[in-house]
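>>> Give me a 3D structure for the following:
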Amino acid sequence: MLGSKFDVVVIGAGHAGVEAALAAARIGARVLLITQNLDVVAKASCNPSVGGPGKTQLVYEISALGGAIGRFTDKTSIHKRILNTRKGKAVWALRAQIDRFFYAKYAKEFVEKEQNLVVLQGVVDKIILEGEGKYRVKGVWVRHVGEFFAPCVVYCPGTFPNGKVFIGKDFEIKVGRMGEKATGKITDQLKELGMDIGRLKTGTPPRVKITSVNLKLCELQPSEAIDWPFDYWEELNESRIELPCYITRLSEEGAKFIKENLLESALFLGKFEGVGPRYCPSIEDKVHKFGVKEYLVFLEPEGVGIDEFYVQGMSTSLPMWAQEIYIRKIRGLENCVITRYGYAIEYDYLKPYQIEKTLEVKKIEGLFTAGQINGTSGYEEAAAQGILAGINAALKSLGEDLLVLGRDSYIGVLVDDLADKVIDEPYRMFTSRLERRMSVRWDNAWLRMAKISRKLGLLDRRAEKKLLDMENTYKEIVKFLRCSTIKCEVKGKRKSGFKKKSLWELLKRQDVTLENLLNFACNEGMLQCSLKNEWLKNRFVTAAVEIDCKYENFIKAEKRISFDERTLKRVDLSNVDYDKIPISFEARQKLKKYNPKTLLEAYKIGGIRTSDIENILKFVLRER
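Alright, predicted model coming up:
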């Protein structure tokens, strides 16, 4: 294989690299996937979970494009919950704990079976380039092995580029993650070419032995009985084992101890160049910002038969001796045994203003980047970039037009924000980053992405057939509801009587469900019961119909909102008092820091959400 020619080389087999390699191979490119360790493909290095607000929507869009993260999650999930249920269904979020060891094993087996895809264990030290000024990819150089040629490379290194782990003030080691060597020659190469390379940081909490925890003192959080899969095309794994999670709290005494020892933390010793994730801060950062009080802790199992809890909420860079003390000031963990200490890690990233919305690096033709190298955090964000980068690398190698996703998709918003906004901290996806949350949802990604997945051949035959059946069923149900009418009694102060209403109008009522309405139609002889049963088989179709109906007026209003650059550029923000506007805390901080002159400049600041822009616009118009 040495010296072989490929269409695409993917560097790194994390969540981004796996999606990139699989997508490129499905399109028809010959792909080489190179990873430092074949035993940790798609490893969940930190929190063993997938999904959550904004992230769930990304997983479903990836699934709609034939991606694998949803399938892997369904196969290996051990605990499921639906979040945001107090809000409307449009922003509900499915979240699953995964067996992280089984997840990596299953992902490796899946990747190895993919046609057009070759997997190699090795370390890439250099991207081979040709040209000057505007460079072009020629291949890669693998340490101790030699060169492999390809016109396109997808670089997905995670936290490995010049990764450095910190535990307290004395422990500092160069690793990509604990126990695995760091790399860095490629980001050093990019820096030499004049690329703007920065540093970011993230962290992970300690793990503790489950059998050393007094679970009687913790609140049980059982898995919910949810039959929603993450993958549109595969049947849910009904035989999966479910494990409970637990909720507990760090005591005020524990928080006081952390506050007294902040200067023992690498974070407060000025050892980091980079900024950490705002929405996943370390426990010492939380205590410093929010004071001495009790803090929520979630105990999450690492996998079936694994005697370890992931102590969610306790990410830290405190020294090991301090971790031994404060971890035992969590209710139920008074006598716990730490199996792995928490740590912080800092790594290189390519400041994403240097990439196109295709994820191709502007200065190097044929080089695509995905995942934490672009300044994001999270498995879902990485996988979303990976699938787009893999698609475009394959298309470019085959001489086809590249794919650019607009802001009518979560993946499109993610990439658009990276390429257009000022990203100075790890980027995380939220539903509030979208302009059109009512129409861009988790339940209808299969419908929204159908044209793309079909055009590019991203689905296998069985999934393609299922997609066609789902589209037809959706159209049939909507047509039936709009065309079928019944007489309804109308009571009013001036006039009462009977009026014809379509079933579609009736479904808009919050106390009416689609299933109940179809049962009624069946009993009244308006619909064949066999057809009703067939329609109700696919929950994604029925959910899309019901939400489209109930939110129809909101969806129409949403489409009238304009965020075009000409409109935003005309809104002057001189002398605006942001403390008087109902915007997020993050937005208020960023606006005061950057002091934008127009609403367009504000819109391009990372961390400013769509809802913030709407509220600022309303305030300015009202005041002026």
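
>>> and Glu534, how many neighbours?
13 (other C-beta atoms under 10 Å). Where C-beta positions appear, they are placed from N, C-alpha and C, glycine not excepted.

>>> what about the residue lying closest to it once chain neighbours are set aside, neighbour count?
Once flanking residues are discounted, Glu534 sits nearest to Thr473: 7.6 Å by C-beta to C-beta, 6 or more residues apart in numbering. Thr473 has 21 neighbours, counted by other C-beta under 10 Å.

>>> Thr473 against Leu536, yeah?
No: look at Thr473 against Leu536 with C-beta atoms under 8 Å: they stay out of range, at 9.6 Å.

>>> Quick check: Glu586 is in a helix.
Yes: remark: Glu586 belongs to a helix, assigned using DSSP: H, G, I helix; E, B strand; the rest coil.

>>> ok, and the closest non-adjacent residue to it?
Gly607 (4.7 Å).

>>> Tell me where the stretch 401-550 of the chain has strands.
Under the criterion DSSP state E, counting those that start in this stretch, the stretch 401-550 of the chain contains strands at 485-490, 497-502.

>>> Please name whichever of those strands is nearest to Arg26.
The minimum distance between Arg26 and the strands of the stretch 401-550 of the chain falls on strand 497-502, with 41.6 Å, by C-beta to C-beta.

>>> Other residues contacting the closest one?
Residues outside strand 497-502 that contact it (C-beta atoms under 8 Å, 6 or more residues apart in numbering): 481-490.

>>> Please spell out the PyMOL selection for the buried subset of those.
The buried residues among the contacts of strand 497-502 can be selected in PyMOL (16 or more other C-beta atoms under 10 Å) with this line:
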select buried, resi 481+484+486
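
>>> wait, which of the contacts of strand 497-502 is closest to Gly176?
Leu481 (53.6 Å).

>>> Measure how buried Glu61 is and give me the count.
Number of residues near Glu61 (other C-beta under 10 Å) recorded here: 29.

>>> Which other helices and strands does the helix or strand where Ile391 lies contact?
Assigned by DSSP states H and E, Ile391 falls within helix 379-397. The helices and strands touching helix 379-397, judged by 3 or more C-beta pairs under 8 Å, 6 or more residues apart in numbering; DSSP states H and E, are strand 8-11, helix 15-27, strand 49-51, helix 55-64, helix 69-76, strand 152-155, strand 367-369, helix 410-420.

>>> in the last one, what counts as buried?
By neighbour count, and taking 16+ other C-beta under 10 Å as the criterion, the buried residues in helix 410-420 are 410-419.

>>> picking up where we left off before, okay if I get the strands of the stretch 401-550 of the chain as CSV plus distance to Trp446 and mean pLDDT?
Shown next, in CSV, are the strands of the stretch 401-550 of the chain (distance: least, C-beta to C-beta, whole Å; pLDDT from 0 to 100):
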stretch, distance to Trp446, mean pLDDT
strand 485-490, 30, 80
strand 497-502, 26, 82
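
>>> Now do the contacts for the nearest residue to His144 once chain neighbours are set aside.
Among residues not flanking His144 along the chain, Gly122 sits closest, at 7.7 Å (C-beta to C-beta, 6+ apart). Applying C-beta under 8 Å, 6+ apart, we find Gly122 in contact with 34-36, 142-145.

>>> which one of those residues is nearest Ala382?
Thr35 (14.3 Å).

>>> Does that closest one touch Val124 like I think?
No: taking C-beta under 8 Å as the definition, Thr35 is not a contact partner of Val124, at 9.6 Å.

>>> longest helix anywhere in the protein?
helix 461-483 (DSSP state H).

>>> which other residues reach it?
Counting by C-beta under 8 Å, 6+ apart, 66, 232-233, 446-447, 450, 453-454, 459, 502-504, 507, 514, 517, 521, 527, 534-535, 538, 540-542, 544-545, 548-549 sit against helix 461-483.

>>> nearest to Glu260, of the strands of the stretch 401-550 of the chain?
Evaluated over the strands of the stretch 401-550 of the chain, closeness to Glu260 peaks at strand 497-502, with 66.9 Å, by C-beta to C-beta.

>>> ok so, going back, reformat the buried residues of helix 410-420 as a markdown table; add distance to Lys592 and pLDDT.
Below are those laid out as a markdown table (distance: C-beta to C-beta, whole Å; pLDDT from 0 to 100):
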| residue | distance to Lys592 | pLDDT |
| --- | --- | --- |
| Tyr410 | 28 | 96 |
| Ile411 | 31 | 97 |
| Gly412 | 29 | 96 |
| Val413 | 25 | 93 |
| Leu414 | 26 | 96 |
| Val415 | 28 | 96 |
| Asp416 | 25 | 92 |
| Asp417 | 20 | 92 |
| Leu418 | 23 | 94 |
| Ala419 | 25 | 93 |
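
>>> Nearest to Lys363 among those?
Distance to Lys363 across the buried residues of helix 410-420 (C-beta to C-beta) is lowest for Ala419, with 13.8 Å.

>>> Could I get the contacting residues of the closest one?
Ala419 is in contact with 352-353, 355-357, counting by C-beta under 8 Å, 6+ apart.

>>> And the helix or strand bottoming out on mean pLDDT in the chain, what does it pack against?
Least confident helix or strand, the chain: helix 565-570 with a mean of 78, by mean pLDDT, DSSP states H and E. On a contact count with 3+ C-beta pairs under 8 Å, 6+ apart, helix 565-570 meets helix 599-603.

>>> Outside of the very next helix or strand once past the helix it packs on itself, list whatever touches it.
Sequence-wise, the next helix or strand downstream of helix 599-603 (DSSP H and E) is helix 610-623. Outside helix 610-623, the residues that touch it by C-beta under 8 Å, 6+ apart are 432-435, 561, 563, 568, 571-573, 576, 578, 580-584, 587, 599, 602-603.

>>> how does it look with 6 Å?
If you take C-beta atoms under 6 Å, 6 or more residues apart in numbering as the criterion, helix 610-623 is touched by 432, 435, 571, 581-584, 587, 603.

>>> Just the closest of the residues you listed to Arg71, please.
Ser432 (27.9 Å).

>>> Would you mind measuring from the closest one to Val413?
11 Å (C-beta to C-beta, to the nearest Å).

>>> Same check on Leu617?
As judged by C-beta to C-beta, Leu617 and Val413 stand 19 Å apart.

>>> likewise Leu359?
From Leu359 over to Val413 (counting by C-beta to C-beta), the distance is 14 Å.

>>> likewise Ile547?
Separation of Ile547 from Val413 (C-beta to C-beta): 19 Å.

>>> Run through the residues that contact Asp348.
161-162, 187, 197 are the contacts of Asp348 under C-beta under 6 Å, 6+ apart.

>>> Which parts of the stretch 101-250 of the chain are helices?
185-192 (DSSP state H, counting those that start in this stretch).

>>> show me where pLDDT drops low in it?
Low-confidence segments of the stretch 101-250 of the chain, defined by pLDDT under 70: 237-239.

>>> at 80 what do you get?
133, 235-240 (pLDDT under 80).

>>> can you pull out the strands in it?
Assigned by DSSP E, counting those that start in this stretch, the stretch 101-250 of the chain shows strands spanning 117-121, 124-130, 135-142, 146-149, 152-155, 164-167, 171-173, 175-177, 180-181, 197-204, 207-208, 219-221, 245-250.
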